[in-house]
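[1] missing the sequence, but the structure's below:
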């Protein structure tokens, strides 16, 4: 990715406004800046939301995160670790760069190149080693990978605290014993440098040193010293029953996934749905948290500002399974977001996000349809009969509450409103300088793809099959029956991403064009359905004792389910909830482009379904 993916909002930054080039002369507040035309000297105030990069954005070839080998990713992480001290220097000199280069046995110009790439994009992938496409990937054979892992585990990550040189010697010895060509010394050093510091301290120096160095002090959240330095994420089931928007009858309690800035107590983003917490609800909450909110507020016609956007330095999450997984970890590493897990049975952290969810609950108890927190508080209140708000109406209410009430009320712990604390942390005051406005993500599509679940599939004569559903488009033709690059006798597997809320199309990542393309059903007469509807149809077809379970049988079962559901919709909450889910999920179909090249995916306008966590979604087969 290049500089077109980020729009930096800082003094002196060159930007584009309405097609003309300017320079930012002054930060007025969280939503406006003064820009100046350097040729004419004319200056005026403009909304930050309308700024663009100085250079016009051009399509760029982007490597999918899943297509990056573990070896290349480790090298990129080691490079970031080397330049990180230089990134934090306010007045970096050439001697500073030379000193770090000498310590790491590197040329000064090499470090300057890494700094330029990383500071331009802010993405870990900008530090990937250059790989010649005609020579394949940099990934080692599995045997060498295992040798390196074994040597690091048995020689380096032990209380004996052996040197890196001894690890390198052990790798060479094991390679000779197995008849393998040993990797370069620097490759092994890079692997060691990429190890988590907390893990190294734990294995080499013990739990006490590790906890004292890396674990937070009870009652205090370390590192939350400026806006977006630490963002907590949690879920809860809300104490309110909502209704469907057709029959206005009760359909159940919604879930909320909420992100919270510990420094300012600002809500950075949230996601509400009828489905339990999952990796996708967490990803949607993160996306809402990171992206600007202007269009989202306009959708709900909210008369207020939510001037918060940008990548958090760290997200703090519970140790629940929905937060775990290689995809989530890699996506966060790509955007330089640290994940800090709350240790099981070691609640060292203050429950900031739980407290704000408790505050929301008190406000919700005043709404019609509230279930309250306990039976005594509820009394003889009939929640279902009083329920009157749809999911859309409730989300509208919640957005208005966050923007115009919660962010504007004095918070007892900080002695001011969250919005005032956030503004002070960003712009500073007479006592402390601010950290400055965060950069705005311009390549929103890439951000969403990076957090989306995926499948690995071969492309056959009839296209691609996922969960017995066939997909095809001519863009797949060059890759039909393509052999694996390393094992020619096997078929090559390609990356396909699928939105579980609408499986009528999948996104194919072309490894040569470095772009995603939409691939529709092979039989386009099939209706758009979600993954949970597909699984329900499969279960129904199996229950009917179908000997051959194929695509036709699955969609036939689906159509029969819909007939039964429509007959029951007046009678049961489950049927009404099912219809409501499908209606909201249909927004995905309407807002997602059906052309070959994916151009816009509006994740804020769609509702989540229950899916597996990231680590279990890597292979849905």
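    Perfect, I can see it now. These numbers come from a predicted model, not from an experiment.

[2] so how many other residues sit close to residue 92?
    Look at residue 92: counted by other Cβ atoms under 10 Å, it has 14 neighbours. Every C-beta, even on glycine, is put in place using the N, C-alpha and C of the backbone.

[3] That one is in what secondary structure piece?
    Under DSSP states H and E, no helix or strand contains residue 92.

[4] distance of it from residue 437?
    Residue 92 sits 21 Å away from residue 437, taking Cβ to Cβ, to the nearest Å as the criterion.

[5] Next: residue 495.
    According to Cβ to Cβ, residue 495 and residue 437 sit 34 Å apart.

[6] okay, those two: which has more neighbours?
    Between residue 495 and residue 437, counting by other Cβ under 10 Å, residue 437 is the more crowded of the two (24 against 18).

[7] Specify the local secondary structure of that one.
    Three-state assignment for residue 437 (DSSP: H, G, I helix; E, B strand; the rest coil): coil.

[8] Can you get me a residue count around the closest residue to it other than its chain neighbours?
    With sequence-adjacent residues excluded and distances taken as Cβ to Cβ, 6 or more residues apart in numbering, residue 437 is closest to residue 9, at 4.0 Å. For residue 9, the number of neighbouring residues by other Cβ under 10 Å comes to 21.

[9] Which helix or strand contains residue 9?
    Secondary structure from DSSP H and E places residue 9 outside every helix and strand.

[10] quick one: low-confidence ranges for the stretch 251-400 of the chain?
    Within the stretch 251-400 of the chain, the stretches with pLDDT under 70 are 319-326, 342-354, 369, 371-385.

[11] go again using 50 as the cut-off
    Applying pLDDT under 50 to the stretch 251-400 of the chain flags residues 345-350, 374-381.

[12] Please enumerate the helices of it.
    Remark: helices assigned in the stretch 251-400 of the chain by DSSP state H, counting those that start in this stretch are 279-290, 294-299, 326-334, 352-364, 375-378, 383-386, 391-404.

[13] Ranking those by mean neighbour count, which comes first?
    helix 279-290 (a mean of 25; mean count of other Cβ atoms under 10 Å).

[14] low-confidence ranges in this structure?
    The low-confidence ranges in the chain, as defined by pLDDT under 50, are 1-3, 56-59, 132-139, 216-220, 345-350, 374-381, 589-621.

[15] quick one, domains of it?
    3-53, 65-135, 142-214, 231-444, 452-617 (automatic domain parsing).

[16] what are the ranges of the helices in the stretch 1-150 of the chain?
    Taking DSSP H, counting those that start in this stretch, the helices of the stretch 1-150 of the chain run over residues 70-87, 94-103, 108-121, 142-151.

[17] most tightly surrounded among those helices?
    The highest average neighbour count among those, using mean count of other Cβ under 10 Å, belongs to helix 70-87 at a mean of 19.

[18] any idea which element residue 456 lies in?
    Per DSSP H and E: strand 454-457 holds residue 456.

[19] Quick check, residue 465 in contact with residue 457.
    Yes: counting by Cβ atoms under 8 Å, residue 465 touches residue 457, with 7.3 Å between them.

[20] that's a helix at residue 560, yeah?
    Yes: applying three-state DSSP, one finds residue 560 inside a helix.

[21] show me the contacts for the closest residue to it other than its chain neighbours.
    Of all residues not flanking residue 560 in the chain, residue 540 sits nearest, at 7.3 Å (Cβ to Cβ, 6+ apart). Going by Cβ atoms under 8 Å, 6 or more residues apart in numbering, residue 540 touches 557, 560-561.

[22] Just send the residues you listed back as CSV, with neighbour count too.
    CSV is the format used below for these (neighbours: other Cβ atoms under 10 Å):
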residue, neighbour count
557, 21
560, 14
561, 17
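
[23] which one among those gets closest to residue 277?
    residue 561 (25.8 Å; Cβ to Cβ).

[24] you'd agree the closest one is up against residue 537?
    Yes: in this structure, residue 561 is within contact of residue 537 by Cβ under 8 Å, at 6.3 Å.

[25] Now do the helix or strand in which the residue nearest to residue 560 is found against helix 279-290, angle only.
    Per DSSP H and E, residue 540 falls inside helix 531-543. Interaxial angle, helix 531-543 versus helix 279-290 (axes from the mean of the first three to the mean of the last three Cα atoms, to 10 degrees): 170 degrees.

[26] roughly how far out does helix 531-543 sit from the chain middle?
    29 Å (Cα atoms, centre = their mean, to the nearest Å).

[27] List the buried residues for it?
    Using 16 or more other Cβ atoms under 10 Å as the test for burial, helix 531-543 gives 531-534, 536-538, 540-541.

[28] between those residues, which is closest to residue 185?
    Closest approach to residue 185 among the buried residues of helix 531-543 (Cβ to Cβ): residue 531, at 47.0 Å.

[29] My read is that that closest one contacts residue 506, right?
    No: Residue 531 is not in contact with residue 506 according to Cβ under 8 Å; the separation is 11.5 Å.

[30] hey, what's in contact with both of the two?
    Applying Cβ under 8 Å, 6+ apart, one finds that residue 531 and residue 506 are jointly contacted by residue 498.

[31] show me the contacts for residue 31.
    47-49, 305, 307.

[32] Take the residues you listed and keep only those in strands.
    residue 47 (DSSP state E).

[33] quick revisit: can you say which of the helices of the stretch 1-150 of the chain is nearest to residue 228?
    Nearest to residue 228 among these is helix 70-87 (16.2 Å), distances taken as Cβ to Cβ.

[34] how much does the closest one deviate in direction from helix 326-334?
    Here the directions of helix 70-87 and helix 326-334 differ by 30 degrees (the same axes, to 10 degrees).

[35] other SSEs contacting helix 70-87?
    When contacts are defined as 3 or more Cβ pairs under 8 Å, 6 or more residues apart in numbering; DSSP states H and E, helix 70-87 sits against helix 94-103, helix 108-121, helix 185-193, helix 326-334.

[36] Residue 493 touches residue 458, doesn't it?
    Yes: at 5.6 Å, residue 493 counts as touching residue 458 under the criterion of Cβ under 8 Å.

[37] neighbour-wise, which of those two wins?
    Ranked by neighbour count (other Cβ under 10 Å), residue 493 and residue 458 place residue 458 first, with 17 against 13.

[38] Now for that one: which residues touch it?
    Neighbouring residues of residue 458 by Cβ under 8 Å, 6+ apart: 464, 481-482, 491-494.
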